[in-house]
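Visitor: Please work out how this folds:
(chains A and B)
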2 protein chains.
Amino acid sequence: MNYFSSDFKLGILGGGQLGKMLLSETRKFDIQTYVLDPSPEAPGRMACNQFFVGDLMDFDTVYNFGKQVDVLTFEIELVNIEALEKLESEGIKVYPSPKTLQQIQHKGKQKDFYVTHNIPTAPHQRFNSIAELQQYPNTFPFVWKSAQFGYDGNGVKIIRTAEDLNGLPDVECIAETMVPFKNELAVIVARSPSGEIKTYPVVEMEFHPEANQVEYVICPARIDSAVANTARAIALKVSEHFNHVGLLAVEMFQTHDDQILINEVAPRPHNSGHYSIEASYTSQFEQHLRAILDLPLGNTDSKAAGIMVNLVGAEGYSGDVVYENIEKILAIDGVTPHIYGKRETRPFRKMGHVTIVNEDIAKARTIAEEVKNAIRVICTLK
Amino acid sequence: MNYFSSDFKLGILGGGQLGKMLLSETRKFDIQTYVLDPSPEAPGRMACNQFFVGDLMDFDTVYNFGKQVDVLTFEIELVNIEALEKLESEGIKVYPSPKTLQQIQHKGKQKDFYVTHNIPTAPHQRFNSIAELQQYPNTFPFVWKSAQFGYDGNGVKIIRTAEDLNGLPDVECIAETMVPFKNELAVIVARSPSGEIKTYPVVEMEFHPEANQVEYVICPARIDSAVANTARAIALKVSEHFNHVGLLAVEMFQTHDDQILINEVAPRPHNSGHYSIEASYTSQFEQHLRAILDLPLGNTDSKAAGIMVNLVGAEGYSGDVVYENIEKILAIDGVTPHIYGKRETRPFRKMGHVTIVNEDIAKARTIAEEVKNAIRVICTLK
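Guide: Next up is the predicted model:
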């Protein structure tokens, strides 16, 4: 198959920032792309050959879009799976497959999958409704998760008392035992249709000491190499069992006694892999492309240490975005901002990220804090 | 000035591969771009906000295009300078300035400039016509260069006998003494309107032992550090005298007695800096953007050794391009192809390049040769 400067067409469901960064790699390889997104202002509207506006959950929209391309992938899990199944049955290559997506999209099924395959994860129970959950003798605190349609922290809540259950939506859900942990880790695994598999190094999510928010994604994780090897091995095992094609981002907890428990997975490029654009020999986006096109996978090693800081809208600001002090951070060696291209900021909206690359990880961590303290995503005064 | 996700508009004259790679950086920063190119099939037609088809040498076309933007730059020197002058006089920021471009575009003036500023260069004479050149007592061999409109080796010829003069176009020209050299080197210098200056490491052009063609651009050059320091200092001096804004690629010869002679300069991103996309902390394209927008310049150091191999159309093939054995080179660690997006290959047409990045420069060199020997730019059989 000739993908380069040819008639081959890759379809991407979703034109958000992940789609945008994936498109950058398709341009590098001159691969034709069609993108479908509900918003005419999507960051991925540019740099694709054809942009379509439409609902990713609508069967006809997704089906008709998919019929025009040779390989179909997605940057968001919330897509119409029935349409993907029909497209696959009609010979369109859909990567990751609808089957993989189905197992992952439903958090109850995803948890059961780990139990079935003997992959360590926090204990859980599945419930069809809030009423069912209320009847069960839960030990507080526990973690409530909506079985479906959660995204970016939505659909997850820590339940400390019975009263906390009252405000929850009445949907199918799981209750998960809250396991104390000392680190949140992630490993991205790439797998091609031919079965070639490569794992990226273990990264560490460093949380703000007070706010329960990831502040830095750090590669490599500052953990014992034995723990890192275990985490990479577990991620590989998860990947093999899912039999997925493309990237699989595997999020894990490191408990206080150095056990690795799997938290959840995402079958696509992931926030925890953004550092790879600057720090790795092969960025996660190029790797996803290589994988779904069944090209040889690239080297997942790093050229230098990488730290990623998310740029989210500051509280109290809604309107035309301004990146305050961006000149200050550009003046620091090895600092690269990525601006996703959303004109309007809102509190906590993901507007971009900044990568810090340095030979010395401690130096990178110091710079990351400087960056975090300097830049603010606010808006123009009207 | 707020460049990011704002109403600010950058104009780029030329949408070839240099424009395309520059656009990739504007997308990363979400800077609005307008591009003008004579070909509706230009590689830079995508990933810009507005693409215009038009003649870069036509006054009205360039002027009307430039009036729509806030800052204007170019990826090719063959543009209408009068239009740039008028735009500049009307308050549009044009970087590099028409004045700089004028000094560089004319090879006679460029050579005089080095002599005036005491910058070492091979001796030369200027002539208004072939007849004038024929009357002058030249010592053979010498190098004939068309004073204007040369590009990619066009407009340059080695003259070994009086008969060689017969086929030349009757234009203003220079005759340059042929100085034997052991290395061809280049240094890219970035300079902002505020006067901040940074130089990239010295790179080396390795030639094919038989064909007189650059095979590899190697960073860092495998030369003595004293020679490298001299080359960097001379490039800096050239940059300071030109007082340019943006990048200046300075090509030099290293003579057998380790003298550095300047060959010529290009006021824009350059083939000799393509390695920087993967190997440097700041790619030459990001650096050009930072410079012309008067943002702080980025770190020019390398994360690892980088070698670039040009992908040119193989002899005997004209038609729909196929990159033969591209899967083979993708299987090698640290190898990244860049496909410019030209559908049709022709003998010697620049179709792309491949970057090899490795911690060990000797290993990178071995891989570069593997890459060179494996890949072929041919076309589909019809």
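Visitor: Please make it C-alpha for all contacts and neighbour counts, starting now.
Guide: Fine.
Visitor: Distance from the helix or strand hosting A:E264 to the middle of the chain?
Guide: Take DSSP states H and E as the rule and A:E264 turns out to sit in strand A:260-266. Using C-alpha atoms, centre = their mean, to the nearest Å, the mean C-alpha position of strand A:260-266 is found 12 Å from that of the whole chain.
Visitor: list the contacts for A:A331?
Guide: B:296-298 (C-alpha atoms under 8 Å, 6 or more residues apart in numbering or on different chains).
Visitor: one step back: in the strand holding A:E264, what's buried?
Guide: A:260-266 (16 or more other C-alpha atoms under 10 Å in any protein chain shown).
Visitor: all helices for the stretch 201-350 of chain A, in order.
Guide: A:225-242, A:276-279, A:284-292, A:326-330 (DSSP state H, counting those that start in this stretch).
Visitor: Can you tell me which of those helices is nearest to chain B?
Guide: Comparing the helices of the stretch 201-350 of chain A against chain B with C-alpha to the nearest C-alpha, the closest turns out to be helix A:326-330 (6.0 Å).
Visitor: what about the closest one and chain B, touching?
Guide: Yes. Using C-alpha under 8 Å from any C-alpha of the partner chain, helix A:326-330 reaches chain B at A:327, A:330.
Visitor: residues of that helix that come out buried?
Guide: A:326-327, A:329-330.
Visitor: For the helices of the stretch 201-350 of chain A, give me a markdown table that also has mean pLDDT and distance to B:G44.
Guide: Converted to a markdown table, these look like this (pLDDT from 0 to 100; distance: least, C-alpha to C-alpha, whole Å):
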| stretch | mean pLDDT | distance to B:G44 |
| --- | --- | --- |
| helix A:225-242 | 96 | 38 |
| helix A:276-279 | 98 | 22 |
| helix A:284-292 | 98 | 20 |
| helix A:326-330 | 97 | 26 |
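Visitor: ok, the buried residues of strand A:260-266 vs chain B, which is closest?
Guide: A:A266 (23.7 Å).
Visitor: what about the residue lying closest to the closest one once chain neighbours are set aside, how many neighbours?
Guide: Residue nearest to A:A266 in three dimensions, not counting chain neighbours: A:A249, with 5.1 Å by C-alpha to C-alpha, 6 or more residues apart in numbering or on different chains. Close neighbours of A:A249, defined as other C-alpha atoms under 10 Å in any protein chain shown, add up to 24.
Visitor: wait, doesn't A:A249 sit right on A:N271?
Guide: No. Look at A:A249 against A:N271 with C-alpha atoms under 8 Å: they stay out of range, at 9.0 Å.
Visitor: can you list the buried residues of strand A:260-266 in CSV and add pLDDT and distance to A:I218?
Guide: Formatted as CSV, those follow (pLDDT from 0 to 100; distance: C-alpha to C-alpha, whole Å):
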residue, pLDDT, distance to A:I218
A:I260, 97, 18
A:L261, 97, 19
A:I262, 97, 19
A:N263, 95, 18
A:E264, 94, 19
A:V265, 96, 18
A:A266, 95, 19
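Visitor: quick one: pLDDT of the residue of the stretch 51-200 of chain A found nearest chain B?
Guide: Using C-alpha to the nearest C-alpha, the single residue of the stretch 51-200 of chain A nearest to chain B is A:E196, 11.2 Å away. We note a pLDDT of 97 for A:E196 in this prediction.
Visitor: Also A:G150?
Guide: So A:G150 comes in at 68 (pLDDT).
Visitor: List the contacts of A:S97.
Guide: Contacts of A:S97 (C-alpha under 8 Å, 6+ apart): A:84, A:88, A:244-245.
Visitor: measure the spatially closest residue to A:N128 that is not a sequence neighbour to A:H106 for me?
Guide: Sequence neighbours aside, A:E172 is the residue nearest to A:N128 in space, at 4.2 Å (criterion: C-alpha to C-alpha, 6+ apart). Per C-alpha to C-alpha, to the nearest Å, A:E172 is found 10 Å from A:H106.
Visitor: same check, this time on A:F65
Guide: On the measure of C-alpha to C-alpha, A:F65 and A:H106 end up 24 Å apart.
Visitor: neighbour count winner among the two?
Guide: Comparing A:F65 with A:H106 by other C-alpha under 10 Å, the one with more neighbours is A:F65, at 22 against 17.
Visitor: ok, A:G246 - how many residues close by?
Guide: 28.
Visitor: is it in a bridge, and if so with what?
Guide: A:R191 (DSSP bridges).
Visitor: In this structure it contacts A:Q284, no?
Guide: No. Using C-alpha under 8 Å, A:G246 makes no contact with A:Q284, being 9.9 Å away.
Visitor: pretty sure A:K182 is in a strand, no?
Guide: Yes. Assessed by DSSP: H, G, I helix; E, B strand; the rest coil, A:K182 belongs to a strand.
Visitor: pretty sure it contacts A:T255?
Guide: Yes. Using C-alpha under 8 Å, A:K182 is in contact with A:T255, at 5.6 Å.
Visitor: More neighbours: which of those two?
Guide: Neighbour totals were compared for A:K182 and A:T255, and A:T255 leads with 15 against 12 (other C-alpha under 10 Å).
Visitor: Distance of the residue lying closest to the more buried one once chain neighbours are set aside relative to A:A211?
Guide: Distances taken as C-alpha to C-alpha, 6+ apart put A:F181 closest to A:T255, at 4.0 Å, once the chain neighbours are dropped. To A:A211, A:F181 is 16 Å away according to C-alpha to C-alpha.
Visitor: Quick check: closest non-adjacent residue to the residue nearest to the spatial centre of chain A.
Guide: Nearest residue to the geometric centre of chain A (C-alpha atoms, centre = their mean): A:H270, 2.8 Å. Once flanking residues are discounted, A:H270 sits nearest to A:A249: 6.3 Å by C-alpha to C-alpha, 6+ apart.
Visitor: what's the answer for A:K237, then?
Guide: A:I119 (8.0 Å).
Visitor: just checking, that neighbour touches A:S239?
Guide: No. Here A:I119 does not reach A:S239: they are 11.2 Å apart, not a contact under C-alpha under 8 Å.
Visitor: Neighbour count: these two, which is higher?
Guide: A:S239 (25 against 19).
Visitor: For A:P141, grab the count of nearby residues.
Guide: 15.
Visitor: Check the one 4 residues further on too.
Guide: Applying the criterion other C-alpha under 10 Å, we find 23 residues in the vicinity of A:K145.
Visitor: what kind of secondary structure is it in?
Guide: Per three-state DSSP, A:K145 ends up strand.
Visitor: Now for the residue nearest to it when sequence neighbours are not counted: which residues touch it?
Guide: What sits nearest to A:K145 in space, not counting adjacent residues and going by C-alpha to C-alpha, 6+ apart, is A:V156, at 4.5 Å. If a contact means C-alpha under 8 Å, 6+ apart, then A:V156 has A:143-146, A:150 as its contacts.
Visitor: phi, psi of A:V156?
Guide: phi -130, psi 130 (degrees, to the nearest 10).
Visitor: re earlier: separation between the residue of the stretch 51-200 of chain A closest to chain B and A:Q287?
Guide: Looking at A:E196 against A:Q287, where the rule is C-alpha to C-alpha, the gap reads 12 Å.
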